[in-house]
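Engineer: all I have is the shape, not the residue letters:
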């Protein structure tokens with residue numbers, strides 16, 4: 001069974017940084033894609049970027065704006081989202097999604113059958 005657990009969210013001032021983690025179990029050892037998404041109140045869930053095995057290729061959406069960086073520690077089965085120069089409009093619940101077996105890139109929510117519970121990020125002074 002695939003399980004995803006996000007962590008690392010919290011309250012940060014504008015201009016600050018956070019690193020989110022997505023711990024994946026039941027998926028390592030296979031080719032997979034893990035994507036980062038966010039959902040602000042009253043808005044649809046939107047894709048930030050994704051990482052694909054086996055070569056750890058990374059694809060970013062426009063949201064990343066050069067401020068967000070995805071990385072992974074395959075030994076730990078964890079994917080990270082480093083967020084810098086945070087803005088109030090980055091306030092949202094951040095989710096990771098996973099799909100096994102393709103190694104393809106996608107920022108579509110329908111591509112991912114597995115999701116974590118999300119972690120809240122609030123950017124405010």
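Structural biologist: Ah, there it is. Nothing here was measured: the structure is a model prediction, and the numbers come from that model.
Engineer: most centrally placed residue in the protein?
Structural biologist: The centroid of the chain falls nearest to residue 36 when counting by CA atoms, centre = their mean (2.3 Å).
Engineer: surely it forms part of a helix?
Structural biologist: No - looking at residue 36 with DSSP: H, G, I helix; E, B strand; the rest coil, it is strand, so not inside a helix.
Engineer: quick one: pLDDT of the closest residue in space to it that isn't next to it in sequence?
Structural biologist: Nearest non-adjacent residue to residue 36, counting by CB to CB, 6 or more residues apart in numbering: residue 48, 4.3 Å away. C-beta here means a position set from N, CA and C on the backbone, and glycine is covered the same way. Note for residue 48: predicted pLDDT of 98.
Engineer: now residue 28
Structural biologist: At residue 28, pLDDT is 66.
Engineer: next: residue 7.
Structural biologist: pLDDT, residue 7: 98.
Engineer: in which helix or strand does the closest residue to it other than its chain neighbours reside?
Structural biologist: Among residues not flanking residue 7 along the chain, residue 21 sits closest, at 5.0 Å (CB to CB, 6+ apart). Element membership for residue 21, per DSSP states H and E: strand 18-25.
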